[in-house]
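Enquirer: coordinates only, sequence not included:
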């Protein structure tokens, strides 16, 4: 009886092994029949703004029916092309990740169309303790004396956010976005529109700047009026109606009507019907 059971288990094992071998052979044959093309991938981690050379690249087989749009196949054509974004080892090289042909390497190659790069001086406090790294987003705040009738000495001390959701392109001379370790540096380069570049240039000339680190997925903007020293310490503001009234010139205020003066009054008695009436003289 024991021999029969052992024989049955042996047959089951053989049948299972044959089925697995048949399935594996079918899968390999199916894979072999799939058409594949060679595409270029990164052979190492590549920083944005780097110029490509053959040592940085390699080719791999990729199914023809699943080629990513913009995939490239000729390594020779990649010589001296510049990458706009950072690439990791094994990542496919796509045309959309490369700067136009003839672009020189460096930070200028990674600036978005219509944008500018502008550098501001920072310290460990302004630079958010070194956490403002390439690839992060910050708001820019200015602390300055607000002019009053053209005289800054008579103005209010105000702190106000002047720019929001600004991309940090580089810190000092480093533009790599792979490092997450804080770096205390003396300068930060920001990506701005031309209009925002003018705002930042004026802001740093009239006051002191601070960078405010923000969540990378938070794209909302919040318009604020800033805060003055009086508002910070809870000084009560004058009502708006009072401020408007005091600002009006005296000639614009409506004149109050003068009360009419009343003269002496005489009671008149009518002889016909005995009625009485009161007559007053002006």
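Expert: Thanks, I have the structure now. The model shown is predicted, which means the values in this text are computed figures rather than measured ones. Residues are numbered from 1 along each chain as shown.

Enquirer: Burial check on the nearest residue to residue 105 once chain neighbours are set aside, number of neighbours?
Expert: What sits nearest to residue 105 in space, not counting adjacent residues and going by CB to CB, 6 or more residues apart in numbering, is residue 51, at 4.3 Å. Just so you know, the C-beta spots here come from the backbone N, C-alpha and C atoms, and that holds for glycine as well. Neighbour count for residue 51, taken as other CB atoms under 10 Å: 18.

Enquirer: partner residues bridging residue 51?
Expert: residue 82 (DSSP bridges).

Enquirer: any idea how far it is from residue 194?
Expert: Between residue 51 and residue 194 the distance is 28 Å, computed by CB to CB, to the nearest Å.

Enquirer: quick one: contacts for the closest residue to residue 141 other than its chain neighbours?
Expert: Take residue 141 and drop its neighbours on the chain: the residue closest to it by CB to CB, 6+ apart is residue 210, 4.5 Å away. Applying CB atoms under 8 Å, 6 or more residues apart in numbering to residue 210 gives the contacts 125, 126, 140, 141, 142, 143.

Enquirer: does the third one count as helix, strand or coil?
Expert: Think residue 140. strand (DSSP: H, G, I helix; E, B strand; the rest coil).

Enquirer: Can you select the buried ones among the contacts of residue 210 for me in PyMOL?
Expert: Provided next is the PyMOL selection string for whichever of those are buried by 16 or more other CB atoms under 10 Å:
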select buried, resi 126+140+141+142
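
Enquirer: Residue 163: which of the contacts of residue 210 is nearest?
Expert: residue 140 (4.0 Å; CB to CB).

Enquirer: ok, back up a step: mind giving me JSON lines with the contacts of residue 210 and columns for distance to residue 83 and pLDDT?
Expert: As requested, the contacts of residue 210 are arranged in JSON lines below (distance: CB to CB, whole Å; pLDDT from 0 to 100):
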{"residue": "125", "distance to residue 83": "34", "pLDDT": "79"}
{"residue": "126", "distance to residue 83": "30", "pLDDT": "77"}
{"residue": "140", "distance to residue 83": "28", "pLDDT": "92"}
{"residue": "141", "distance to residue 83": "33", "pLDDT": "91"}
{"residue": "142", "distance to residue 83": "35", "pLDDT": "91"}
{"residue": "143", "distance to residue 83": "39", "pLDDT": "90"}
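
Enquirer: Could you give the bridge partners of residue 36?
Expert: residue 63.

Enquirer: Okay, helices next: where are they in the stretch 151-282 of the chain?
Expert: With DSSP state H, counting those that start in this stretch, the ranges of helices along the stretch 151-282 of the chain come out as 194-206, 229-232, 240-247.

Enquirer: pLDDT weak spots in the protein?
Expert: Applying pLDDT under 70 to the chain flags the ranges 1-2, 7, 27, 29-35, 148-155, 178, 236-282.

Enquirer: biggest strand in it, by residue count?
Expert: In the chain, assigned by DSSP state E, the strand with the most residues is strand 157-171.

Enquirer: how distant is that strand from the center of its chain?
Expert: How far strand 157-171 lies from its chain's middle: 10 Å, per CA atoms, centre = their mean, to the nearest Å.

Enquirer: start the count at 33, not 1, going forward
Expert: I'll keep to 33 as the first residue from here, and by that count the last item is strand 189-203.

Enquirer: Could you name the helices and strands sitting against that strand?
Expert: Counting contacts by 3 or more CB pairs under 8 Å, 6 or more residues apart in numbering; DSSP states H and E, strand 189-203 packs against strand 169-177, strand 219-224, helix 226-238, strand 239-246, strand 259-260.

Enquirer: one step back: is it true that the residue nearest to residue 137 touches residue 113?
Expert: Yes: checked against CB atoms under 8 Å, the pair residue 83 and residue 113 is within contact range at 7.2 Å.

Enquirer: how far is stretch 219-233 from where the chain is centred?
Expert: 13 Å.

Enquirer: do the same with stretch 215-229
Expert: 13 Å.
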